[in-house]
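Colleague: Predicted model and sequence below, questions to follow.
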There are 4 protein chains.
Amino acid sequence: MNKKSIVLQTTLELITKQGIRATSLSQIIKESGVANGTVYHHFKNKEEIITELYLMLTQDFGTVVMRNVPEDDIKKQFSIMWLNLFHYFVNNPLAFVFSEQIARSPEIPQSLKDKARQYYGEIENYFKTGIRKKVFKSYNSMVMEELFFGNVVSLVKIHENEKVKLLDKHINQAIEISWKGFLRD
Amino acid sequence: MNKKSIVLQTTLELITKQGIRATSLSQIIKESGVANGTVYHHFKNKEEIITELYLMLTQDFGTVVMRNVPEDDIKKQFSIMWLNLFHYFVNNPLAFVFSEQIARSPEIPQSLKDKARQYYGEIENYFKTGIRKKVFKSYNSMVMEELFFGNVVSLVKIHENEKVKLLDKHINQAIEISWKGFLRD
Amino acid sequence: MNKKSIVLQTTLELITKQGIRATSLSQIIKESGVANGTVYHHFKNKEEIITELYLMLTQDFGTVVMRNVPEDDIKKQFSIMWLNLFHYFVNNPLAFVFSEQIARSPEIPQSLKDKARQYYGEIENYFKTGIRKKVFKSYNSMVMEELFFGNVVSLVKIHENEKVKLLDKHINQAIEISWKGFLRD
Amino acid sequence: MNKKSIVLQTTLELITKQGIRATSLSQIIKESGVANGTVYHHFKNKEEIITELYLMLTQDFGTVVMRNVPEDDIKKQFSIMWLNLFHYFVNNPLAFVFSEQIARSPEIPQSLKDKARQYYGEIENYFKTGIRKKVFKSYNSMVMEELFFGNVVSLVKIHENEKVKLLDKHINQAIEISWKGFLRD
DNA sequence: TATGAATGAGCATTCATTCAT
DNA sequence: AATGAATGAATGCTCATTCAT
C-alpha cells in the first residue's frame, strides 16, 4: 500500500469521524505517518484529496443502487433499491456525509455535484417507468426521487444516532411507508 | 440595536451562507464592525455565540409548528404542520442548517441536541393520536417522525437548490405522498 | 516605541542587509521579538509592511534632494543636488535598494513606482531650466535625468562595495564628469 | 537539445522574467518538463545552475564589448564599446540582471563577482590609454569605468521600462554626454 | 542518463483567545 | 459597555534536497 493510498484512507477515516472542514491537513499527515511534502507530491492541494476520495466513493454508486434489482416485480425492485442505498450509506459513512453535504458545502465544486446527480439517473428511470405502468401516481419525478432518497437518509440518521437500536422491523416499516406514498390510489 | 445583537445577527447571516465551521470569529468581527474584545465581553467564546443563536432560533420552534393547527381534522392538521415546518425552514435557513447538522456536528453540545428533540414532542403526540384513532397504521413513532421531518427537509432542499423552481403544485404533491405513507390501508 | 514601529524598523534593517525577497516574515518576527499574530494585527500582509516602509522612506525624498540648494548658481545647484542624493542613498540603504529594485521587481506595485517617479519632478525642472539658460545642451530631459541619477548610483555602488575606499576626491571627480557631460560645448 | 540544456534555458527565461530569488526549482522543473531528480543529476544544487548560467553568459562578455572596435580613433572606439555593451544587455536581459545584481546578491559567490570584474579589464585599459594620450582628464580609473558602465545601464533601463520609446537619437545623446564628461577641458 | 517518490524545514497567513485600558 | 493590542498554536502550502530504481 503506497503513501498515496495511505493518505486517502486516512483522510477517509478522519472525514467520516469529523466532517470535511474539521479535518486538517496536519491531522491527516500526523495520522497517516506520511511527511508533509509527500502529501503535496501526490495531491495538488487539500481539495484534490477530497475530490479524489469523492470520485472513488461515488464511481460505483450507480451500480451499487441497482445491484440485484430484479427485472419484473416493481415492488420488489423498490425494496431492493431502498435497502441497497441504505446499506451503502451505512457501510460508507463518507459517501453518506458527502451526499448530505453536497447540496450546501462550497468545498465540493459544482462539477462534482453534477456528476453525483447523474448517478440518480437510474432512480429517475425507475419512477418514470412506475408512473407509466400506472403503479405510481404521476407525481413530479424530482419530488419523488428526493423523497425516496430522503426517506433512506432519515433511516440512516436514526441508525447513526446510536441512541436507538434500529431493528429490521423499523426498516421494513420505513420501506412500506415510503412505498405507499408513491402509489396510485 | 446593541452590539450583542449585531454580533448575533452577523453570525446568523454568515453561518447561513457558509456553515458553522467555515465561519470564523475574525470574519464575524470584521463583518459586524464590532471590536475584537467586545465579542468576548458578551460571549465566553465562539461556541457560546452559536449556542445562544441556536436557542434563539429554536425556542419558538414548537409553537411555530403548531401554529394555526385546527382542533379536529387530522388530515388538515397534517398539511398545516407540514407547511408550518416547511416555511419555518425556508424563512430561517439557519434553523434549517442547525437541524441538518444537529445529528453530526460536535460543535453542538448534546444538551442542545436533546433540547431540540423535545420540540418534536408535539409531532410525536400527533402521530400517536393518529394511530390511536386508527387513521395511521401503528408504525414506530420515531420512524414516523423522522420520515415526516425528512420529507419536509427534502422539499426544502429542492427549494434551496435554486436550480429548479419549486411550485405549490410540487409542495402539495409532497404533502400527499407524505400523508399517504402513514395511512392505514 | 510600539510594536508596529519595532516591526518596521526590524524589517528595514533586514531588507537592507538581505534584500526584499530574502527577508522572511519569520525572520522579522524572530528578530523583532514580536509575536506572530501581532504583525498581522498591524499589517494586512507582508507586502503592506514593505509598502509602508517604502512610503516612509520616500515621502521626504523630494525635499531631501533639494535641501540647501542655492537660488542662483546653477553649477553649485548641481553639486549640492548630486551630493544630497548621494548622501541620502548612503545613509538610507533601503531607499537605495528600493530605488534600484523599483524598475524590475514585481513586489513593488506600479502605483508605488509611479509615486516614486514624481519625486524626480524637481530634477526634471532643474535640467529644463538649465537648457533654457543655455547652460546645458538641449538633450532629452529623461535621458539627462536618468544619466544624472545613474551617476550617483554608480558612486554609491563603489561606496557600497567596500573593497575600495571611496574618497572625497573621487566623489568630486564624479560630479565633475557628470556636470561636464551635460554642458553646451 | 539535452535535458541539461533545457534546464539551463528554462532557468534563464524564468530568471529574466522574475529575478533570481523569485525563481524556484519547482518552477524550473515544472516549466522545463524535466524530472525532479534529473536536475540534481546534472547540477549539485540550485546555486550551481545559476553559476553555470552566469559563466555561460559572461564568458564571451569581454570579446563582445571589444567587437569591431577600431585600432586608432579613440572617439570611435568609445562609441562602439558603448553600443556593444548596450546591445549586449538589451539582447541578454539575464546578463543585465546579473550585472545589476552582482554587487548585492549573496546568491552569487564572490569568486564569480571577481571573475566578472576582470572582464572589465579591457575597458580599464581603454581609459588608461585615453588618459595617457591626454584625451581624457586623469580621473580615477575605477570611477571612470563605473560611470561609463552606469551610463549604459541607465539607457538600458529606459529601454526596459517600455513606457518610453527609446530612439537612436536618445542613444546618441547619451553617448555624447558620456563621452564629454571624461574629456580633458 | 533519467526518473519520481519521499522528506521535513520553512513560508505566509488565520485562528480563537487574553488582557490592560 | 467597549476597545484593540498582543499572543502563539495551527493551517495550507512551497521549498531545496535525497535516494532507490
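Modeller: Noted; the coordinates are in hand. Numbers count the residues shown, from 1 in each chain, chains lettered A, B, ... in the order given.
Colleague: residue ranges with poor pLDDT in chain A?
Modeller: Within chain A, the segments meeting pLDDT under 70 span A:101-119, A:162.
Colleague: do you know how far A:Thr11 is from B:Ile123?
Modeller: 38 Å (Cβ to Cβ, to the nearest Å). C-betas here are computed from N, CA, C, even on glycine.
Colleague: who's more crowded, these two?
Modeller: A:Thr11 (25 against 19; other Cβ atoms under 10 Å in any protein chain shown).
Colleague: Is the more buried one located within a strand, as I assumed?
Modeller: No: checked against DSSP: H, G, I helix; E, B strand; the rest coil, A:Thr11 lies outside a strand; its state is helix.
Colleague: Disregarding flanking residues, what is the spatial nearest neighbour of A:Leu12?
Modeller: The shortest distance from A:Leu12 to any non-neighbouring residue, by Cβ to Cβ, 6 or more residues apart in numbering or on different chains, is to A:Leu94 (5.4 Å).
Colleague: Over to A:Phe136: give its phi and psi.
Modeller: phi -100, psi 150 (degrees, to the nearest 10).
Colleague: Just give me the neighbour total for it.
Modeller: Neighbours of A:Phe136 under the rule other Cβ under 10 Å: 23.
Colleague: hey, what's it bridged with?
Modeller: Assessed by DSSP bridges, A:Phe136 has beta-bridge partners A:Leu183.
Colleague: mind listing what it touches?
Modeller: A:Phe136 makes contact with A:127, A:130, A:144, A:182-184, according to Cβ atoms under 8 Å, 6 or more residues apart in numbering or on different chains.
Colleague: hmm, back to that, which element is the residue nearest to A:Leu12 on?
Modeller: Using DSSP states H and E, A:Leu94 maps to helix A:93-102.
Colleague: tell me what that helix is packed against?
Modeller: Using 3 or more Cβ pairs under 8 Å, 6 or more residues apart in numbering or on different chains; DSSP states H and E, the elements in contact with helix A:93-102 are helix A:3-18, helix A:46-58, helix A:74-91, helix A:110-119, helix A:141-161.
Colleague: Could you give the separation of that helix from the chain centroid?
Modeller: When C-alpha coordinates are averaged (Cα atoms, centre = their mean, to the nearest Å), helix A:93-102 and its chain have centres 6 Å apart.
Colleague: out of the helices and strands packed on helix A:93-102, deepest packed?
Modeller: helix A:141-161 (a mean of 21; mean count of other Cβ atoms under 10 Å in any protein chain shown).
Colleague: and that one, how far from the chain's centre?
Modeller: Relative to its parent chain, helix A:141-161 has a centroid offset of 10 Å by Cα atoms, centre = their mean.
Colleague: per-domain residue ranges of chain A.
Modeller: Structurally, chain A divides into domains by automatic domain parsing as follows: A:3-53, A:59-182.
Colleague: out of those domains, nearest to B:His170?
Modeller: The closest of the domains of chain A to B:His170 is domain A:59-182. By Cβ to Cβ, the value is 5.2 Å.
Colleague: Establish whether that closest one and DNA strand F are in contact.
Modeller: No: counting by Cβ under 7 Å from any atom of the strand, DNA strand F is not contacted by domain A:59-182; separation bottoms out at 10.5 Å.
Colleague: distance between that domain and the chain's centre?
Modeller: So, by Cα atoms, centre = their mean, the centroid of domain A:59-182 is 8 Å from its chain's centroid.
Colleague: any idea which element the closest residue to A:Asn36 other than its chain neighbours lies in?
Modeller: Once flanking residues are discounted, A:Asn36 sits nearest to A:Ile29: 5.7 Å by Cβ to Cβ, 6+ apart. Following DSSP H and E, one finds A:Ile29 within helix A:25-32.
Colleague: Flag every buried residue along the helix or strand following that helix.
Modeller: Where DSSP H and E defines the elements, the next helix or strand beyond helix A:25-32 is helix A:36-42. Using 16 or more other Cβ atoms under 10 Å in any protein chain shown as the test for burial, helix A:36-42 gives A:39, A:42.
Colleague: With stretch A:130-139 instead?
Modeller: Neighbour counts using 16+ other Cβ under 10 Å place A:130-131, A:135-137, A:139 of stretch A:130-139 among the buried residues.
Colleague: hmm, back to that, for B:Tyr40, find the nearest of the helices and strands packed on helix A:93-102.
Modeller: Shortest distance between B:Tyr40 and the helices and strands packed on helix A:93-102, using Cβ to Cβ, is found for helix A:3-18: 26.1 Å.
Colleague: near DNA strand E at all, that closest one?
Modeller: Yes: on the criterion Cβ under 7 Å from any atom of the strand, helix A:3-18 is in touch with DNA strand E at A:3-4.
Colleague: Quick one: list the elements packing against that helix.
Modeller: Applying 3+ Cβ pairs under 8 Å, 6+ apart, we find helix A:3-18 packed against helix A:25-32, helix A:36-42, helix A:46-58, helix A:93-102.
Colleague: do you know how far the residue of chain A found nearest chain D is from B:Ser178?
Modeller: Residue nearest to chain D within chain A: A:His41 (9.2 Å; Cβ to the nearest Cβ). Distance of A:His41 to B:Ser178, given as Cβ to Cβ: 51 Å.
Colleague: Next: A:Lys75.
Modeller: Applying Cβ to Cβ, the value for A:Lys75 to B:Ser178 is 20 Å.
Colleague: How about A:Ser26?
Modeller: From A:Ser26 to B:Ser178 the distance is 45 Å (Cβ to Cβ).
Colleague: Name the residue in these two with the higher neighbour count.
Modeller: B:Ser178 (23 against 9).
Colleague: residue contacts, the closest residue to that one other than its chain neighbours?
Modeller: Nearest in space to B:Ser178, with sequence neighbours left out and distances taken as Cβ to Cβ, 6+ apart, is B:Asn151 at 4.3 Å. With contact set as Cβ under 8 Å, 6+ apart, B:Asn151 has these partners: A:147, A:150-151, B:82, B:174, B:177-178.
Colleague: same check, this time on A:Lys128
Modeller: Applying Cβ under 8 Å, 6+ apart to A:Lys128 gives the contacts A:Ser141.
Colleague: Wait, a strand at it?
Modeller: No: according to three-state DSSP, the state of A:Lys128 is helix, so it is not within a strand.
Colleague: Get me the contact residues on chain A for DNA strand E.
Modeller: So far as Cβ under 7 Å from any atom of the strand goes, chain A lies against DNA strand E at A:2-4, A:34-38, A:40-42.
Colleague: go again using 6 Å as the cut-off
Modeller: Residues of chain A lying close to DNA strand E by Cβ under 6 Å from any atom of the strand are A:2-4, A:34-38, A:41.
Colleague: would you list those residues in TSV and tack on distance to D:Gly62?
Modeller: What follows is these, written out as TSV (distance: Cβ to Cβ, whole Å):
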residue	distance to D:Gly62
A:Asn2	54
A:Lys3	52
A:Lys4	53
A:Val34	53
A:Ala35	48
A:Asn36	47
A:Gly37	44
A:Thr38	48
A:His41	45
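Colleague: which two from the residues you listed end up farthest apart in space?
Modeller: Longest distance between any two of these is 16.9 Å, between A:Asn2 and A:Asn36; criterion Cβ to Cβ.
Colleague: Quick check: the gap between the residue of chain A found nearest DNA strand E and D:Asn36.
Modeller: Evaluated by Cβ to the nearest atom of the strand, chain A has A:Gly37 as its residue closest to DNA strand E, separated by 1.8 Å. Noted for A:Gly37: a distance of 12 Å to D:Asn36, by Cβ to Cβ.
Colleague: Then A:Asn68?
Modeller: From A:Asn68 across to D:Asn36, the span is 48 Å (Cβ to Cβ).
Colleague: Okay then, goodbye and thanks.
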